[in-house]
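**Q** Just a sequence and a predicted model for now, questions to come.
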Amino acid sequence: MELTGKVALITGGSNGIGAASARRLASLGVRVVVADIDAEQGKAVADEVGGVFVRCDVTVPSDSADAVALAVREFGGLDIAFLNAGIGTGCSLGDDFDVETYRRAMAINLDGVVYGAHHALPAIRERGGQIIATASMAGLMPMPGDPVYGANKAAVVGLVRSLGGAYPDVRVNALCPAFADTGIITPLRSTLEEIGMPILPVSAVVDTFMSIVEGSGTGEAWFVQAGRESEPFGFRNPPGPRAADGSRIQGAHKDPVSIALKEN
């Protein structure tokens with residue numbers, strides 16, 4: 001895929017996976033908009049890669065709209081929306097449950113992707129581009145230690161899989177890394193090291209990100225796991241409905257909601 005001259009918007013672009021992805025894309029000729037609430041570090045990354053910075057709180061819908069508008073205004077369009085901003089949750093549903101902590105995690109990790117995708121779609125569709133959302137291995141498997149994080153990341157995976165079938169002119173995929181060497185694992189680092197859990201270098205996550213960018217699939221959730229070659233996670237097909245006599249129902253594989261909306 002020829003990337004020179006393409007335009008990418010990266011939320012959470014001031015550090016970690018977002019910043020590393022900005023550097024990789026820029027090295028391939030992509031014009032990058034770095035969006036983050038950290039203006040000082042975000043502007044530093046944008047200056048480093050020859051891009052532009054926009055302050056963006058992904059929990060505020062208008063901020064996502066403004067970030068997309070800036071990309072279009074500065075560079076003429078938008079080809080890649082990397083909805084990467086995210087935080088750890090750090091609470092269970094037991095005695096340590098805190099409503100504000102819960103709402104903040106859901107607002108950043110899920111609402112931020114919804115708002116970002118909503119506002120990016122028109123510009124992305126104009127150029128036949130793609131949306132990539134950072135989910136997590138926690139979205140593909142149980143996460144007993146942080147069930148709220150598991151819930152919002154699983155929701156991102158579900159959103160991406162549905163969007164992948166909703167817009168034939170846009171590719172929508174999820175990036176699902178295990179524990180990567182970013183600030184989000186700081187509270188867990190010593191525990192991970194004690195139990196021998198591999199910590200992924202950020203470069204390995206970016207490699208998979210680039211595989212998605214340069215690929216052709218949609219509605220996929222690419223896992224990034226130590227010692228494994230990254231690829232789309234293989235979801236099993238759920239059991240479909242049957243008629244009263246046990247026979248298969250014609251068209252049961254289709255989405256009746258989408259059909260009804262198109263007919264109306």
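**A** Arrived safely, thanks for sending. Numbers count the residues shown, from 1 in each chain.

**Q** how about residue 98, what does it touch?
**A** By C-beta atoms under 8 Å, 6 or more residues apart in numbering, the contact list for residue 98 reads residue 91. Every residue, glycine included, has its C-beta placed from N, CA and C.

**Q** Report the contact partners of residue 77.
**A** 7, 71, 123, 126-127.

**Q** Among these, which lie within strands?
**A** Using DSSP state E, the members of the contacts of residue 77 that fall in strands are residue 7.

**Q** Mind checking which of the contacts of residue 77 are buried?
**A** With burial judged by 16 or more other C-beta atoms under 10 Å, the buried subset of those is 7, 71, 123, 127.

**Q** thinking residue 3 is in contact with residue 27, fair?
**A** No - using C-beta atoms under 8 Å, residue 3 makes no contact with residue 27, being 9.6 Å away.

**Q** show me where the chain has helices.
**A** 16-27, 39-49, 61-75, 99-106, 112-126, 147-166, 189-194, 202-213, 256-263 (DSSP state H).

**Q** May I see the ones you listed arranged in a markdown table, with mean pLDDT as well?
**A** Shown next, in a markdown table, are the helices of the chain (pLDDT from 0 to 100):
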| stretch | mean pLDDT |
| --- | --- |
| helix 16-27 | 98 |
| helix 39-49 | 98 |
| helix 61-75 | 98 |
| helix 99-106 | 96 |
| helix 112-126 | 98 |
| helix 147-166 | 97 |
| helix 189-194 | 90 |
| helix 202-213 | 98 |
| helix 256-263 | 56 |
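
**Q** Looking at those helices, spot the one closest to residue 219.
**A** Evaluated over those, closeness to residue 219 peaks at helix 147-166, with 2.1 Å, by C-beta to C-beta.

**Q** residues in contact with residue 134?
**A** Counting by C-beta under 8 Å, 6+ apart, residue 134 touches 12, 17, 82-86, 156, 174-175, 177.

**Q** Spatially nearest residue to it, not counting backbone neighbours?
**A** residue 84 (4.3 Å; C-beta to C-beta, 6 or more residues apart in numbering).

**Q** same check, this time on residue 213
**A** Among residues not flanking residue 213 along the chain, residue 80 sits closest, at 6.5 Å (C-beta to C-beta, 6+ apart).

**Q** Many thanks, have a good one.
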